[in-house]
Each structure stands twice: as structure tokens, then as C-alpha cells.
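Q: take a look and give me a structure for this.
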Amino acid sequence: MSSIPEKTVEVRMFPDGRMTAKSASAYVGLSEKTLAMMRCSGVGPAFVKRGKVFYFKADLDAWLNQGRATSTAQARTTI
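A: Predicted coordinates for the structure are as follows:
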């Protein structure tokens, strides 16, 4: 059984829990471009735009947790 090597990524967060799009993409495991496309279509995590786009860790965690499933059959019905 081969193991998948772990990859270390740097995630920087402001004291108030905000992250840049770059850090948010590393945190959720998606590319910055994918997050941008999700923002445009309204299907991604909540964000704020104050000149730059920021994501709050709590919003990212909530978005990641909303897609949880206990089986692949259940996952297919929630997509």
C-alpha cells in the first residue's frame, strides 16, 4: 500500500480570522482560480470584498462542513 506524500502549505490569517484568497485557497485545497469562479457563480464560501477579496476562517469551515456525507450514495444526492 503506497501512501500519498503530505504537502505543507502556508496559510496566513489576520488576527480577526480573515484570509486572503491565496491563503483561503490553500486552506480549502482549491486553486485561487476555482475560488474566483465559485465567487462569480455564487456557489462558494462566503467572502468580503474591500478592495481585495477576503475569506473568514469560520465561513470556510462552515462551507467545508456543509458538504459532509456518510456514504458515496448520499454524496451523489446532495450534489
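Q: identify the residue spatially nearest to the residue nearest the centre of the chain, adjacent ones excluded.
A: The chain has residue 28 as the residue nearest its centroid, 3.3 Å off, counting by C-alpha atoms, centre = their mean. In space, residue 28 comes closest to residue 60 once its chain neighbours are excluded; the distance is 5.8 Å by C-beta to C-beta, 6 or more residues apart in numbering. Placement of C-beta: from N, CA and C, glycine included.
Q: I'd assumed residue 38 was in contact with the residue nearest to the centre of the chain.
A: No - using C-beta atoms under 8 Å, residue 28 is not in contact with residue 38; the gap is 10.0 Å.
Q: would you map the strands across this structure?
A: All strands of the chain, identified by DSSP state E, fall at 18-20, 48-50, 52-56.
Q: below-threshold pLDDT in this protein: ranges please.
A: Judged by pLDDT under 70, the chain has its weakly predicted residues at 1-2, 74-79.
Q: just to revisit the earlier point, what sits against the residue nearest to the centre of the chain?
A: 35, 45, 60, 63, 64 (C-beta atoms under 8 Å, 6 or more residues apart in numbering).
Q: pick the most deeply packed of the strands of the chain.
A: Comparing the strands of the chain by mean neighbour count (mean count of other C-beta atoms under 10 Å), strand 18-20 comes out on top with a mean of 20.
Q: and residue 20, what does it touch?
A: 12, 52, 53, 54.
Q: shared neighbours of residue 28 and residue 38, anything?
A: Common neighbours of residue 28 and residue 38 (C-beta under 8 Å, 6+ apart) are residue 45.
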